[in-house]
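Enquirer: give me coordinates for this.
(chains A and B)
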Number of protein chains: 2
Amino acid sequence: MGRLTGGDPSLLRRINSAVVLHALRGADTPTLTDLTRITGLSRPTVEGVVEGLIADGLVTEAAPEEGEARRQGRPARRFRFRAEAGHLLGIEIGAHRVAALLSGLDGRIIGAGSREVSETASADERLERVRSVVTDVLRRAGVARGSLRAVGVGSPGIVEADGTVRLGTALPGWTGLALGERLRRSFRCPVLVENDANAAAVAEHWKGAAADSDDIVFVLAGLSPGAGSLIGGRLHRGFGGAAGEIGALHLLGREVTPETLLSTTDEPLHPLDEQAVAAVFALARQGDVRAQAAVDRFIQRLVHDVAALVLALDPEVVIVGGWAAGLDGVLDPLRAQLSRFCLRPPRVTLSLLGEAAVATGALRLALDHLEEQLFAVEGSVTGRR
Amino acid sequence: MGRLTGGDPSLLRRINSAVVLHALRGADTPTLTDLTRITGLSRPTVEGVVEGLIADGLVTEAAPEEGEARRQGRPARRFRFRAEAGHLLGIEIGAHRVAALLSGLDGRIIGAGSREVSETASADERLERVRSVVTDVLRRAGVARGSLRAVGVGSPGIVEADGTVRLGTALPGWTGLALGERLRRSFRCPVLVENDANAAAVAEHWKGAAADSDDIVFVLAGLSPGAGSLIGGRLHRGFGGAAGEIGALHLLGREVTPETLLSTTDEPLHPLDEQAVAAVFALARQGDVRAQAAVDRFIQRLVHDVAALVLALDPEVVIVGGWAAGLDGVLDPLRAQLSRFCLRPPRVTLSLLGEAAVATGALRLALDHLEEQLFAVEGSVTGRR
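Expert: Got it, this is the predicted structure:
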């Protein structure tokens, strides 16, 4: 009950402002009469709020609709949300690739770029690559850096609330890196750093395979799988930001690692060598017996990890993403095993966003942050604690 | 943003009423001046709200404080919350025992009772036992059945939102039982049915081993362990109410069951025979090698199940409860294994409430329901979705 305060008129003003802005973003150039009807507020209240939003640059008067001008008398004024009043960035910093998506304040994507990076690159080199991709995307879209209102970032590792990477073994120099602070030097707006699987979960919920569900687990299948989950539509980070870091589960009880599980020789695979992994999947499809056995072992392990998540969380949907190719084959065994072991088996589906998932989720986090600021009352989908 | 509505004066009245009631429950017989100061509301508003609460029977004028009467002039009126205006019940329906706790509207316990029941009892017999325990507790406390405002119930199984047991293999006749509906025939107030491990998690958070944490996992250790979790102080039930039902996890990959793990002969233990289990733990403490090996196998399995929960959820605290005796020995191996495998190992502790945990949690759920009604605005700790 800590947040309850008495009837606070400034809170009421903020709620009213948020309600009108929300209605403006949802409707197509509404009139004051439309806004009065949608919000249930009085006309003077709506008028006052709209004038304030125009003064803030967030709303502008729209041209009258076709036909209206022909009717008698002055047409009613129409208004629209100014998505162009600012911009948002979503950035993925991965082992092999950095990528950026640019949008207006409505989250609609107006620019994109990506670049390869070596898995052995130092943190400085990787961040330099990020800066060059961002500069390039902004330049091509003709957007000034000062127009950015929030930047979201998705990257492997356990990320603290301030954007520091607490543990990130997948990238050299990542553990202990003050990633948020480093990136904030490049931007004059808030920078939100999130674990990559968490960002991907947010993305699939926003515009991917789980747009119709609020209780989802996204599995970033890799040699060491990670997972992100939404509970009741909200990102579940865990007490220390480590929720879904199930990579260690296979170590319990057995001493076998995914790198040896998927190997077709006596040598373990390199943990980050996606091409080698894709090659094993391809060989298996061609009927190679040894590769098939390796893939079976890998799928068994993935099923076990996912089952643990499902039993703990009981999601409605499990989305499998990660390696673009080769994952189709895991769906059926995953479904079969989950129906065998779970009291209420979830729907299992492939990622719709593929390799765009992490940057898309990072962009959504930037949009959430903006909406929290604009609306300043509860209700955003994936707000940080 | 679906819940946002414009500045609604009746909402404001409800918020003000909840704020005053909250202040009244938290303070010791406050005056109108005290309430004005605590709530930040105007004196006429506070006065109006207090009169309304008195008319509803929830608040009454308290006697003047010692010394006040001696001072000159008429002492300021003092008010208090009428915890005696109604009552709440928390009920555990277990495999071997049914139990009930009775409280006033403040949740303070004023009556308790329990009775053994056979694990082979039919659903009708078990419910009859519940009714007789409740009748007995009410009679001894001198509380009329009509005074009950809400009843919480904790029981094994996956429980639907309406109180139907979707799956409950631990008790005969439990799967498919319309438990909520059956119990509602005995009470004229709301009856809330919850999974037993979930109820226990709520209890340990309320007044047990996790009163200082909002991110907890409670493991109801048994031959088939169950778990309940709070995330950000709210009970996490999962999409289908099956979250934490990790009993099947040990079936993955290995064909060994807990009943065989803990057996010291070639015969598996009976799944519900807690005495046999306690005997094995006792033998192990006395140095019996075969019993020690059985306990080691059991602990390994428990560690694996708990590790899966911890990796998926990343709680701050893990509480182990269930069998009253014999569990002390699991804490150290559990801590050691969790620090080995979890990126951020949680604190591990034993249940403080012991066998009272489930009924206590059920009582808290009844109290939450009452508070949701009284306060009619967001803010309760463990509200149902």
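
Enquirer: count the neighbours of residue A:63 for me.
Expert: 11 (other C-beta atoms under 10 Å in any protein chain shown). For the C-beta atoms, the positions are set from N, CA and C on the backbone; glycine is no exception.

Enquirer: for it, phi and psi?
Expert: phi -70, psi 150 (degrees, to the nearest 10).

Enquirer: what sits against it?
Expert: By C-beta atoms under 8 Å, 6 or more residues apart in numbering or on different chains, the contact list for residue A:63 reads residue A:78.

Enquirer: report the contact partners of the residue in the stretch 151-300 of chain A positioned nearest to chain B.
Expert: Nearest residue of the stretch 151-300 of chain A to chain B: residue A:238, at 2.4 Å (C-beta to the nearest C-beta). Residue A:238 makes contacts with A:244, B:215, B:313-315, B:344, as judged by C-beta under 8 Å, 6+ apart.

Enquirer: which helix or strand contains it?
Expert: Residue A:238 is part of no helix or strand when elements are defined by DSSP states H and E.

Enquirer: and it, what's its pLDDT?
Expert: Residue A:238 carries a pLDDT value of 89.

Enquirer: how many residues are close by residue A:74?
Expert: As a burial measure, residue A:74 scores 9 neighbours (other C-beta under 10 Å).

Enquirer: Provide the backbone phi and psi angles at it.
Expert: Torsion angles, degrees, to the nearest 10, at residue A:74: phi -80, psi 130.

Enquirer: that one and residue A:44, how far apart?
Expert: 20 Å (C-beta to C-beta, to the nearest Å).

Enquirer: pull out the buried residues from the helix or strand where residue A:312 lies.
Expert: Per DSSP H and E, residue A:312 falls inside helix A:289-313. For helix A:289-313, the neighbour count (16 or more other C-beta atoms under 10 Å in any protein chain shown) marks A:291-292, A:294-295, A:297-313 as buried.

Enquirer: contacts with chain B among the residues you listed, please.
Expert: The subset of these within reach of chain B, by C-beta under 8 Å from any C-beta of the partner chain, is A:300, A:303-304, A:307-309, A:311-313.

Enquirer: and the helices in the stretch 51-200 of chain A?
Expert: A:123-141, A:179-184, A:196-207 (DSSP state H, counting those that start in this stretch).

Enquirer: let's have the ones you listed in CSV, adding mean neighbour count and distance to chain B.
Expert: As requested, the helices of the stretch 51-200 of chain A are exported to CSV (neighbours: other C-beta atoms under 10 Å in any protein chain shown; distance: least, C-beta to the nearest C-beta, whole Å):
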stretch, mean neighbour count, distance to chain B
helix A:123-141, 17, 20
helix A:179-184, 19, 17
helix A:196-207, 28, 11
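
Enquirer: would you mind giving the ones you listed as TSV with mean pLDDT and distance to residue B:134 added?
Expert: Converted to TSV, the helices of the stretch 51-200 of chain A look like this (pLDDT from 0 to 100; distance: least, C-beta to C-beta, whole Å):
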stretch	mean pLDDT	distance to residue B:134
helix A:123-141	97	64
helix A:179-184	95	55
helix A:196-207	96	44
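
Enquirer: save these as CSV, and put in distance to residue B:198 too.
Expert: Putting those into CSV (distance: least, C-beta to C-beta, whole Å) gives the following:
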stretch, distance to residue B:198
helix A:123-141, 43
helix A:179-184, 36
helix A:196-207, 24
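
Enquirer: out of those helices, which gets nearest to residue B:147?
Expert: With C-beta to C-beta, the closest approach to residue B:147 among these belongs to helix A:196-207: 45.6 Å.

Enquirer: after that closest one comes which helix or strand?
Expert: Toward the C-terminus from helix A:196-207 - assigned by DSSP H and E - lies strand A:216-221.

Enquirer: can you name the next helix or strand after that following strand?
Expert: The helix or strand immediately downstream of strand A:216-221 is strand A:226-231, counting by DSSP H and E.

Enquirer: list the contacts of the residue in the stretch 251-385 of chain A that chain B sits nearest to.
Expert: Nearest to chain B in the stretch 251-385 of chain A, going by C-beta to the nearest C-beta, is residue A:314, at a distance of 2.4 Å. Residue A:314 is in contact with A:215, A:344, A:346, B:237-245, counting by C-beta under 8 Å, 6+ apart.

Enquirer: and it, how far from residue B:241?
Expert: Counting by C-beta to C-beta - residue A:314 and residue B:241 are separated by 7 Å.

Enquirer: overlap in contacts, these two.
Expert: Residues touching both residue A:314 and residue B:241 by C-beta under 8 Å, 6+ apart: residue A:344.

Enquirer: shaky segments in the stretch 1-150 of chain A?
Expert: Applying pLDDT under 70 to the stretch 1-150 of chain A flags the ranges A:1-11, A:65-72.

Enquirer: at 90 what do you get?
Expert: A:1-23, A:25-28, A:38-42, A:44-45, A:56, A:63-76, A:95-96, A:119 (pLDDT under 90).
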